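A.B. asks: Sequence plus predicted model, see below.
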Amino acid sequence: MCKFTRTTLLPQPDRRALHAERWETVTWNGKLAFTLEKELSIYGRLPLLKQLTLTGCPLNTLDSFEDAPRLRTVSFPLTLWEYFPKTTLPQLEQIDVHLDVCRLPTNAFDWSYWLRFLPHLSHNARLHILIRAQSARDIDWSMFSTDTIATSPVSALSISFVENLLTSELQCATASLFKLLTLPNLELLSFPCEWNSSVDIPWPQDEYTALATRSKFSTHLLELQLYRVVITKDQLLDCLADLPQLKRLQVSDLPRQPFGGSLLTALTMEPFIVPRLEYIGLNSTLEFTDDVLLNMLLARGNHVADFSTDLSWMSGYYRELDPKIDEVMEETGVFELNFEAGWDHA
């Protein structure tokens with residue numbers, strides 16, 4: 001795989017694209033505004049290119065990539081949206097758009113201004129909102145106060161927080177984001193477990209319920225990833241009750257109020273909540289019996305083909321699982337269970 005970056009360009013412009021025919025992944029760094037086809041003469045010479053990442057280069061055009069037949073993924077910050085082509089490259093399967101709140105110019109940031117771009121993203125866009133701060137004082141929280149609601153066709157929304165934010169501010173930011181958006185085509189809602197973050201996010205149940213209702217999540221949400229979210233058993237079950245299309249669920253126990261056993265029991269009972277569920281990832285304190293786990297695996301495995309579970313234990317909560325679970329898995333072949341070390345809440 002060839003990774004092409006601004007920092008590794010050869011000094012002569014006519015030599016920069018000598019190996020364009022071999023490129024599979026291109027990462028374009030830098031802050032210079034120029035037109036790719038004029039600088040590099042790469043139009044029509046990208047037969048293998050699959051992934052393009054723009055990190056800080058306000059390109060005037062992406063016409064050079066129209067003739068890249070295998071290009072499937074483009075990733076760029078929302079700040080470059082005005083430079084993105086008005087008509088989406090037809091061969092794309094995924095557009096990743098990143099909005100890093102604390103990397104935007106402070107004198108230019110207007111939340112409602114950035115919201116107006118969201119309706120113009122395509123259905124195959126995946127929006128990642130990253131909120132970072134060295135301290136809570138680094139963020140003007142009033143920017144989340146707006147009556148503007150943006151309706152966007154994006155298929156995935158990922159929200160991440162890193163570094164030092166207070167619990168109250170995390171709740172404010174998350175709740176406000178939910179208030180500001182309507183997502184009628186959303187298939188994935190994710191609070192990913194970032195490798196450089198130990199932030200736990202309070203779950204804004206009321207704001208989520210309103211978002212889910214006006215966006216009609218019940219008809220199209222397929223995956224819910226809440227590994228870094230502090231959510232109670234009742235809140236989670238209320239959410240799941242209105243997600244009949246859900247296929248993938250990732251969630252973490254609360255050490256002080258573990259709900260893993262209650263969740264497994266709820267997933268075992270018929271009629272099934274989330275009846276299309278094919279996968280569950282549970283980061284757990286393992287405070288449930290092996291029979292509860294096995295009953296869920298068999299019930300779901302007999303209901304949906306290729307049902308699988310990733311079960312991980314938090315630090316200090318490891319215990320052996322009953323060997324009978326592995327034996328039943330081998331005998332029946334109706335489910336798959338992976339058991340490994342997990343991570344801890346902050």
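C.D. replies: Looks like it arrived, so ask away.
A.B. asks: Please report how far Ser75 lies from Val199.
C.D. replies: 23 Å (C-beta to C-beta, to the nearest Å). Yep, even glycine has a C-beta here, placed from its N, CA and C like the rest.
A.B. asks: What of Leu92?
C.D. replies: Counting by C-beta to C-beta - Leu92 and Val199 are separated by 32 Å.
A.B. asks: Might you report the residue contacts of the residue minimising distance to the centre of the chain?
C.D. replies: Per C-alpha atoms, centre = their mean, the C-alpha nearest to the average position across the chain is that of Ser158, at 3.6 Å. By C-beta atoms under 8 Å, 6 or more residues apart in numbering, Ser158 lies in contact with 126-129, 188, 190-192.
A.B. asks: is it fair to say it lies in a helix?
C.D. replies: No. Applying DSSP: H, G, I helix; E, B strand; the rest coil, one finds Ser158 to be strand, outside a helix.
A.B. asks: Specify the beta-bridge partners of it.
C.D. replies: Ser158 has these beta-bridge partners by DSSP bridges: His128, Ser190.
A.B. asks: do you know how far it is from His98?
C.D. replies: Ser158 sits 9 Å away from His98, going by C-beta to C-beta.
A.B. asks: quick one: common contacting residues for the two?
C.D. replies: The contact sets of Ser158 and His98 overlap at 128-129 (C-beta under 8 Å, 6+ apart).
A.B. asks: ok so, going back, okay, Ser75 and Val199: which has more neighbours?
C.D. replies: Val199 (20 against 17; other C-beta atoms under 10 Å).
A.B. asks: Pretty sure the more buried one sits against Ile159.
C.D. replies: No. The pair Val199 / Ile159 is not scored as a contact, 10.9 Å apart, by C-beta atoms under 8 Å.
A.B. asks: Pull the number of nearby residues for the closest residue in space to Leu226 that isn't next to it in sequence.
C.D. replies: Spatial nearest neighbour of Leu226, chain neighbours left out: Val251 (4.8 Å); criterion: C-beta to C-beta, 6 or more residues apart in numbering. Burial of Val251 is recorded as 21 neighbouring residues (other C-beta under 10 Å).
A.B. asks: State whether Val251 and Leu282 are indeed in contact, as I suppose.
C.D. replies: Yes. Counting by C-beta under 8 Å, Leu282 is a contact partner of Val251 at 6.3 Å.
A.B. asks: follow-up on the earlier one: just the buried subset of the contacts of Ser158, please.
C.D. replies: Using 16 or more other C-beta atoms under 10 Å as the burial test, the contacts of Ser158 include 126-129, 188, 190-191 as buried.
A.B. asks: need those in a markdown table with pLDDT and distance to Thr79, can you?
C.D. replies: Listed next are the buried ones among the contacts of Ser158 as a markdown table, based on pLDDT from 0 to 100; distance: C-beta to C-beta, whole Å:
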| residue | pLDDT | distance to Thr79 |
| --- | --- | --- |
| Arg126 | 86 | 17 |
| Leu127 | 85 | 13 |
| His128 | 83 | 13 |
| Ile129 | 81 | 13 |
| Leu188 | 97 | 23 |
| Ser190 | 94 | 22 |
| Phe191 | 90 | 23 |
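A.B. asks: want to try a markdown table for those, with distance to Leu243 as columns?
C.D. replies: Formatted as a markdown table, the buried ones among the contacts of Ser158 follow (distance: C-beta to C-beta, whole Å):
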| residue | distance to Leu243 |
| --- | --- |
| Arg126 | 19 |
| Leu127 | 20 |
| His128 | 22 |
| Ile129 | 22 |
| Leu188 | 12 |
| Ser190 | 14 |
| Phe191 | 16 |
